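Enquirer: Build me a model from this:
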Amino acid sequence: MAPSAITETISSTLTLKGQEKPAEAAQQAAVEGKEMTPLEAISHGMLMPGIPTFPTYTEERRHILIHMAATFRFFARSGFTEGQSGHISVRDPEFPSLMWMNPLGRHFGMLTAGDMVCLDIATGKIVGGNTSRPANAAGYLIHSAVHKRRPNDIHAICHAHSNAGRAWSVFARPLEMLNQDVCNFHNAHAVYARYGGIVFAAEEGEHIASALGDTNKGVILLNHGLLTVGSTVDEAGFMFGLLDRACAMQLAVEAAAANGIPKNVISDEEAAHNFKMASEANVLYREAQPDIEYEIEVAGGEDVVARGFESLRAVVAP
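Expert: The predicted structure is shown next:
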C-alpha cells in the first residue's frame, strides 16, 4: 500500500492536553475546595501545559520522532550506551500497528528523526522509515511483546544497559521508596528474576512483557538492565533516567547501611500520595522537557534533530 493518504483534519490552532482550563485554574480549584490536577498543583501563576496535540498526523509524528531522537541524546549524555545495545520504540500515532525504532549500530548521541526505522509490530517487517540500516533483532522481540501485551496505555518503551541498572539487577530485588522521586515507581515496577541470555527468540521477549505486567511503569531485568514504558517517549525516557538513578541511590544506601547506618524508608501511605501527584502522564511529559529542550538546544535547534524526517514514510503492509 502506498504511503498514508488518510484525510487529516486541519485545525488552525495547536491545542494542549491538560490545558483546557484557564491559567487561574489551580487557584480557582483551591478556592472552591476542589481537588487539583497534578499540573494545577505544581503550577503557580500560569498553568503548565501538558502533552501537546496536533492538527495532522504528520506534525504529531514529527514531534514524536524529534523527541525520540532527543531522548536518545539524553541517554548518550547520561552514559547509557554500551556498543550496539539499547533501543527505544514509539507506536506510530496514525498506524498503531506500527512502531518506530532506532537503527542498529548508530550512536545514541548522533540520532535524528530521519534515522528511525518503522516496523510492523506483529511481523517485524520493516515497512518504512530509514531502510539504510537494520533494526535490532533483540530489540524488536522485546518491544513488540510489550506493545502487544499493552496496546492501549503503552506508546513508548525504553531499554538500555545502564551501569547502575545492571549493578542493582544482580540482586533481583525491587527498589525501596528511599526518597520522594523514586515514589514514581511505588507499586509500579517489577523484577524479572530470570536471566535468559541475549534475546534471540520471541519467548524471552514474552517473558519480559509478562514480568512487566499490566500496570507497571518499569522492570528490572536480572543480569541485564532496565526497561521503562510510557504514554509518550518523553515519559518513558524520563522514567528510565529516574529508574537508573534510583538504582544508583539504592546501591549507595545499601553500602552505607552495611556499616550500621539505619535506613528511613517512606511509608506506603506517603509513597502512594507521591505517586498519585507525580505519575500522571502530563506531569511526566513535563518532567522530561528540561532535558529534551537542552538536547535540542545543544544540537543546534529543532531542525537539526529533525534532519531527514521529510523523507520518512510510514507504510501499512497490504
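Enquirer: all strands for the stretch 101-250 of the chain, in order.
Expert: With DSSP state E, counting those that start in this stretch as the criterion, the stretch 101-250 of the chain has strands at 117-120, 126-129, 156-160, 189-192, 218-221, 225-230.
Enquirer: Mind putting these into CSV with mean neighbour count, distance to M46 and mean pLDDT?
Expert: Any C-beta I mention is one placed from the backbone N, CA and C, and that applies to glycine too. Formatted as CSV, these follow (neighbours: other C-beta atoms under 10 Å; distance: least, C-beta to C-beta, whole Å; pLDDT from 0 to 100):
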stretch, mean neighbour count, distance to M46, mean pLDDT
strand 117-120, 23, 37, 97
strand 126-129, 22, 37, 94
strand 156-160, 28, 28, 98
strand 189-192, 21, 33, 98
strand 218-221, 26, 32, 98
strand 225-230, 26, 25, 98
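Enquirer: Kindly reformat these as a markdown table containing distance to T56.
Expert: As requested, these are exported to a markdown table (distance: least, C-beta to C-beta, whole Å):
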| stretch | distance to T56 |
| --- | --- |
| strand 117-120 | 18 |
| strand 126-129 | 17 |
| strand 156-160 | 20 |
| strand 189-192 | 36 |
| strand 218-221 | 32 |
| strand 225-230 | 23 |
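Enquirer: and F275, which of these is closest to it?
Expert: strand 189-192 (11.0 Å; C-beta to C-beta).
Enquirer: name the helices or strands packed onto the closest one?
Expert: For strand 189-192, the contact count by 3 or more C-beta pairs under 8 Å, 6 or more residues apart in numbering; DSSP states H and E identifies helix 202-212, strand 218-221 as packing neighbours.
Enquirer: and among those, the most buried is which?
Expert: Ranked by average neighbour count under the criterion mean count of other C-beta atoms under 10 Å, the helices and strands packed on strand 189-192 are headed by strand 218-221 at a mean of 26.
Enquirer: Direction included, what does that strand pair up with?
Expert: strand 189-192 (parallel), strand 225-230 (antiparallel) (DSSP bridges).
Enquirer: Would you format those as CSV with distance to E204 included?
Expert: Shown next, in CSV, are these (distance: least, C-beta to C-beta, whole Å):
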stretch, distance to E204
strand 189-192, 10
strand 225-230, 12
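Enquirer: Show me the shaky parts of the stretch 1-150 of the chain.
Expert: For the stretch 1-150 of the chain, the stretches flagged by pLDDT under 70 are 1-33.
Enquirer: try 50
Expert: 1-23, 26 (pLDDT under 50).
Enquirer: Break down it into its helices, ranges please.
Expert: Under the criterion DSSP state H, counting those that start in this stretch, the stretch 1-150 of the chain contains helices at 25-32, 38-42, 57-78, 137-149.
Enquirer: quick revisit: out of the strands paired with strand 218-221, nearest to L243?
Expert: strand 225-230 (5.3 Å).
Enquirer: give me every residue that touches M116.
Expert: Contact analysis of M116 by C-beta atoms under 8 Å, 6 or more residues apart in numbering lists L65, M68, A69, W100, M101, N102, P103, G129, N130, L312.
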